[in-house]
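# structure for this input, please:
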Amino acid sequence: MTISRCPSSWWLRLGAGLCLTVMGISPLTAPLPAGGSVRTLHYTSNGVFVGGAYVPQSLGFDLADVSSPSELSELPAGVSALVYLGLCNGADANFVSTVSPYLGDSRVFGFYLMDEPDPTGTYRPICPASNLKDESDWIHQNDPGVKTFIVMMNLSSSSQPDYQNTFNPSNSDIDLYGLDPYPCRTELGGCDFSYITKAVAAAEAAGIPEGDIVPVYQAFGGGSSVDDGGGNYAVPSPTQEQSILNTWASVVPDPVFDYAYSWGSQNGDTSLQSLVDLQSVFEAHNAGGASSPAPTQIYGSDAIATSIALSQAEFPAAGSAHAVVLARSDFYSDALAGGPLAAHVDGPLLITPGASESTSLDPRVLAEIERVLPLGDTVYILGGPLALSPNIDTTLSDLGYQVVREAGADEYATAVDIAETLGNPPVVFEATGLDFPDALSAVPAAIQDSGAILLTEGPTQAPETATYLSAHPGDTRYAIGGPLAALGADPGAIGVYGQDEYGTSAAVASRFFAGAGLYGVATGLTFPDALGGGVFMATGGRAGPLLLVNPTANPPVSTPISSFLATLAQGTSGYVFGGPLAVPSSVIGDVQSAVG
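All right, here's what the predicted structure looks like:
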């Protein structure tokens with residue numbers, strides 16, 4: 001069981017010292033106002049009224065934590081009420097008398113029935129789904145249109161959340177379900193944003209639709225509360241808070257409302273009311289459409305360190321990967337087809353110097369493999385001994401890892417070998433092996449469509465690829481790149497391309513990720529950052545394109561890329577792969593400005 005900081009107003013109302021974490025949040029479908037666009041309400045809790053004034057309104061929080069009719073009477077114009085009840089005895093006389101003063105009041109958005117109700121009775125007094133169903137049904141019958149809401153209890157850990165056999169629309173008739181996978185913790189030395197995507201997946205697996213899930217954002221830290229990892233919650237930095245919002249936006253793009261926990265301090269922690277830097281983040285977030293957030297930049301001191309940073313972002317918990325894919329950092333050929341393999345085996349794609357530069361594994365990469373991959377699991381090495389030294393195999397084997405070489409006579413045969421390891425998927429993405437941009441743009445799409453990437457010799461078909469395609473005549477084939485590239489090699493394939501590599505990148509995004517909830521950006525001048533970034537964009541619950549930019553061009557964000565970004569919703573979040581030398585801040589600003 002996860003012991004955690006209460007995600008809502010439990011502390012003020014019930015006086016508990018610890019509470020059981022509600023891990024996970026999924027997207028909600030927001031109501032449509034008259035104009036037809038989605039409008040998300042913004043909620044925060046605990047101590048929000050001071051001297052009869054609702055304080056968080058100045059930051060755009062327009063859904064108030066209300067616990068009495070007097071607080072309801074103090075609501076300013078433009079603010080609705082979420083009335084906290086904390087009752088789970090069914091629609092008994094006490095429940096009816098508590099709810100009745102609010103019935104029919106147009107300022108009431110809904111009722112917060114319970115905070116982390118326990119259907120098992122193991123951690124708190126038992127709260128059967130049937131009791132909450134009675135309460136929710138009574139409210140719906142007596143005040144149609146108002147919403148009922150709970151924050152869910154996670155019955156497992158933050159890294160493996162579980163909401164099975166708890167509450168969902170089928171057994172409770174509750175409208176909205178909050179999930180609170182607070183990712184920033186002292187034992188992590190930072191934040192594990194995968195807690196968010198894992199919680200969403202667990203909630204949906206338990207029967208809670210995306211449209212019924214409310215994100216609960218961590219906006220506190222410190223104090224004496226102990227999390228399920230044995231540490232304490234840490235106050236997110238503004239950059240980390242933005243990453244929390246971005247991660248949520250990638251899986252919960254349009255919630256009915258979202259929840260910043262907490263405005264008031266609880267159990268000695270530092271909370272939003274005193275965190276001026278985080279208040280600025282939420283003020284911008286709550287402005288809703290005033291601007292899109294700056295993309296989160298993932299990078300290290302060089303290309304190898306960036307691949308490690310991506311690995312840590314994808315798999316922040318030690319031993320959480322199931323395999324590792326290893327490619328050379330100094331040449332792209334064997335690595336181009338490796339992205340779908342990394343997704344397939346559930347592992348990061350790391351890079352290390354090729355055999356012509358080093359006969360050993362970069363020590364930083366070795367340390368990351370030892371961190372992320374349990375002994376006995378498999379490292380897939382892309383390319384033969386001329387690509388990566390056999391000494392690397394020996395090093396890894398001696399440590400207790402299984403080593404598999406994905407290698408053919410050349411890069412074309414290596415790509416075929418990888419396709420066979422993937423189980424000969426029925427979808428194939430062809431891209432030229434004479435350069436890297438087209439294949440890198442294809443990686444997220446190939447992963448999303450469970451496809452393989454095969455290589456052509458520019459507009460000439462590679463013999464190895466031709467043989468493979470002849471053996472699989474029923475495959476759906478996409479040629480990423482025009483007549484002078486892959487489409488020239490396979491005119492019968494479905495062509496996806498633009499006038500140059502940047503136009504092709506935009507064309508792939510438009511075909512496979514129209515209306516995406518997030519996007520990724522990397523330089524098109526070198527390959528390593530985009531190599532791992534493409535995998536990141538289509539794993540861990542993410543689904544978005546990898547867009548290439550040219551920092552040396554004018555403009556660095558080409559017209560096709562800008563045009564695609566303009567089709568995304570205002571506020572769409574993104575990632576940039578590579579540091580300031582690869583993608584300068586000015587280019588990031590251009591990308592951000594182009595969104596929506």
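
# list the contacts of Val55.
Val55 makes contact with 48-49, 263, 273 under the criterion C-beta atoms under 8 Å, 6 or more residues apart in numbering. For every residue, glycine as well, the C-beta is placed using N, CA and C.

# give me the distance between it and Ser45.
12 Å (C-beta to C-beta, to the nearest Å).

# shared neighbours of these two, which are they?
In terms of C-beta under 8 Å, 6+ apart, Val55 and Ser45 are both contacted by the residues Trp263.

# quick one: the contacts of Val55 as a markdown table, columns for secondary structure, pLDDT and neighbour count too.
Rendered in a markdown table, the data for the contacts of Val55 read as follows (DSSP: H, G, I helix; E, B strand; the rest coil; pLDDT from 0 to 100; neighbours: other C-beta atoms under 10 Å):
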| residue | secondary structure | pLDDT | neighbour count |
| --- | --- | --- | --- |
| Val48 | coil | 97 | 22 |
| Phe49 | strand | 96 | 18 |
| Trp263 | coil | 97 | 26 |
| Gln273 | helix | 95 | 20 |
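
# list the neighbouring strands of the longest strand along the chain plus their orientation.
For the chain, the strand that runs over the most residues, judged by DSSP state E, is strand 108-115. Strand 108-115 has the following sheet partners, assigned by DSSP bridges: strand 80-84 (parallel), strand 147-151 (parallel).

# which residues in the stretch 251-400 of the chain form helices?
276-287, 303-314, 338-345, 363-372, 390-399 (DSSP state H, counting those that start in this stretch).

# give me the contacts around the second one.
So that's helix 303-314. 193-194, 298-300, 321, 329, 348-353, 362, 364-365, 368, 372, 526, 528-529, 531-533, 535-536, 539-540, 577-579.

# just the buried residues of these.
193-194, 298-300, 321, 329, 348-353, 362, 364-365, 368, 372, 528-529, 531-533, 535-536, 539-540, 577-579 (16 or more other C-beta atoms under 10 Å).

# now, which of those residues lie within strands?
Short answer: the buried ones among the contacts of helix 303-314 in strands (DSSP E) are 298, 349-352, 577.

# model confidence over stretch 174-193, on average?
On average, the pLDDT along stretch 174-193 is 92.

# got the CA coordinates for the longest strand of the chain in PDB?
Below are the C-alpha coordinates for strand 108-115, written out as PDB (Å, rounded to 0.1, in the frame of the first residue of the first chain):
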ATOM      1  CA  VAL A 108     -22.400  24.500  -7.400                       C
ATOM      2  CA  PHE A 109     -20.400  22.600 -10.000                       C
ATOM      3  CA  GLY A 110     -20.400  19.300  -8.000                       C
ATOM      4  CA  PHE A 111     -19.800  17.400  -4.800                       C
ATOM      5  CA  TYR A 112     -16.500  15.900  -3.600                       C
ATOM      6  CA  LEU A 113     -18.000  12.700  -2.000                       C
ATOM      7  CA  MET A 114     -14.900  11.200  -0.500                       C
ATOM      8  CA  ASP A 115     -11.100  11.500  -0.500                       C
END
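
# what's the first helix or strand after it?
helix 129-142 (DSSP states H and E).

# report the buried residues of that next one.
Here helix 129-142 shows 129, 131-139 as buried, counting by 16+ other C-beta under 10 Å.

# return the residues in contact with Gln160.
Lys198.

# separation between it and Thr552?
From Gln160 to Thr552 the distance is 45 Å (C-beta to C-beta).

# ok, Glu116 touching Pro125?
No - under the criterion of C-beta atoms under 8 Å, Glu116 is not in contact with Pro125, lying 11.5 Å apart.

# between those two, who's got more neighbours?
Neighbour count, other C-beta atoms under 10 Å: between Glu116 and Pro125, Glu116 has more, with 24 against 9.

# from Thr122, how far out is the residue nearest to the more buried one when sequence neighbours are not counted?
Once flanking residues are discounted, Glu116 sits nearest to Met153: 4.2 Å by C-beta to C-beta, 6 or more residues apart in numbering. Going from Met153 to Thr122 by C-beta to C-beta gives 10 Å.

# name the spans of the stretch 301-450 of the chain whose pLDDT lies under the cut-off.
Under the criterion pLDDT under 70, no range of the stretch 301-450 of the chain is flagged.

# among the contacts of Val55, which pair sits farthest apart?
Phe49 and Gln273 (12.0 Å; C-beta to C-beta).

# dump stretch 509-524 to CSV, restricted to CA.
Extracted as CSV, the C-alpha positions of stretch 509-524 are listed here (Å, rounded to 0.1, in the frame of the first residue of the first chain):
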residue,chain,number,x,y,z
ALA,A,509,3.5,14.2,-38.5
SER,A,510,0.5,15.2,-40.5
ARG,A,511,-0.3,11.7,-41.7
PHE,A,512,0.2,9.8,-38.5
PHE,A,513,-0.2,12.3,-35.7
ALA,A,514,-2.9,14.7,-36.8
GLY,A,515,-4.3,16.5,-33.7
ALA,A,516,-1.5,15.1,-31.5
GLY,A,517,-1.5,15.9,-27.8
LEU,A,518,2.2,16.5,-27.8
TYR,A,519,5.2,16.9,-30.1
GLY,A,520,9.0,16.3,-30.1
VAL,A,521,11.7,18.4,-31.7
ALA,A,522,15.4,17.6,-32.5
THR,A,523,18.0,19.0,-34.8
GLY,A,524,18.0,17.5,-38.3
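
# for that stretch, buried residues please.
Neighbour count says stretch 509-524 has 509-510, 512-513, 516-524 buried, by 16+ other C-beta under 10 Å.

# repeat that for stretch 569-581.
569, 571-579.

# please apply the same query to stretch 427-443.
Result for stretch 427-443 [16+ other C-beta under 10 Å]: buried residues 427-433, 435-443.

# state the distance from the residue of the chain most remote from its centre to Tyr102.
Outermost residue of the chain with respect to the C-alpha centroid, by C-alpha atoms, centre = their mean, is Ala93; its distance is 43.7 Å. Here the distance between Ala93 and Tyr102 works out to 16 Å (C-beta to C-beta).

# do the same with Ile150
For Ile150 relative to Tyr102 (C-beta to C-beta), the value is 17 Å.

# so for those two, which sits in the more crowded spot?
More crowded of Ile150 and Tyr102, by other C-beta under 10 Å: Ile150, with 27 against 21.

# low-confidence regions, the stretch 1-150 of the chain specifically.
1-38.

# which SSE is immediately downstream of the helix or strand harbouring Ala466?
Taking DSSP H and E as the definition, one finds Ala466 inside helix 463-471. Note on helix 463-471: by DSSP H and E, the next helix or strand toward the C-terminus is strand 476-480.
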